[in-house]
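Student: Task: produce atomic coordinates for the following.
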Amino acid sequence: QVQLVESGGGLVQPGGSLRLSCTASGRSFSRSDMGWFRQAPGKEREFVAAISWRGDTTDYTDSVKGRFTISRDNAKNTIYLQMSSLKPEDTAVYYCNAEGPDVGYWGQGTQVTVSS
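Tutor: Numbers count the residues shown, from 1 in each chain. Next up is the predicted model:
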């Protein structure tokens, strides 16, 4: 059974940092593009960041460019999202995705709350 499990969420003050992790089990995703999405209360799920299977290509939504960094460790079947200079508008449930949002796999999500 394929599973994606996110961790690292929590409550942080504005300007703070968090690192999210997503570890896959059940099969290897070392040859799969992967990414992060988020869903804020009352809003639709939105794309945050993506990384190619080699890790040599990344993409970010404009609102997080320069503040978030996506990376991966294929040996650990894990991707990461380093989030810095966090803002209240970054508050959301963050989801890991493998192989695309339409037909791929999803984690259960991890809550990130940015508040003073």
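
Student: all contacts plus neighbour counts: C-alpha atoms, from now on.
Tutor: Noted.

Student: Does Gln3 touch Cys22 like I think?
Tutor: No: assessed by C-alpha atoms under 8 Å, Gln3 is found out of contact with Cys22, at 9.8 Å.

Student: what is in contact with the two at once?
Tutor: Residues touching both Gln3 and Cys22 (C-alpha atoms under 8 Å, 6 or more residues apart in numbering) are Gly107.

Student: Neighbour count: those two, which is higher?
Tutor: Neighbours were counted for Gln3 and for Cys22 using other C-alpha atoms under 10 Å; Cys22 has more, 25 against 15.

Student: bridging residues for that one?
Tutor: Going by DSSP bridges, Cys22 is paired in beta bridges with Glu6, Ile79.

Student: What strand or helix carries the spatially most central residue of the chain?
Tutor: Closest residue to the average C-alpha location of the chain: Trp36 at 3.1 Å, with C-alpha atoms, centre = their mean. With elements taken from DSSP states H and E, the one containing Trp36 is strand 34-39.

Student: any idea of the angle whichever helix or strand comes after that strand forms with strand 34-39?
Tutor: Scanning forward in sequence from strand 34-39 by DSSP H and E, the next helix or strand is strand 46-51. In terms of direction (axes from the mean of the first three to the mean of the last three C-alpha atoms, to 10 degrees), strand 46-51 departs from strand 34-39 by 160 degrees.

Student: Remind me what strand 46-51 packs against, helices and strands.
Tutor: strand 34-39, strand 58-60, strand 68-73 (3 or more C-alpha pairs under 8 Å, 6 or more residues apart in numbering; DSSP states H and E).

Student: With respect to Gln82, which of the ones you listed lies nearest?
Tutor: Proximity to Gln82 (C-alpha to C-alpha) singles out strand 68-73 among those, at 5.0 Å.

Student: Can you give the distance from the closest one to the centre of its chain?
Tutor: Between the centre of strand 68-73 and the centre of its host chain there is 8 Å, according to C-alpha atoms, centre = their mean, to the nearest Å.

Student: now stretch 9-27
Tutor: Taking C-alpha atoms, centre = their mean, the mean C-alpha location of stretch 9-27 is offset from the chain mean by 7 Å.
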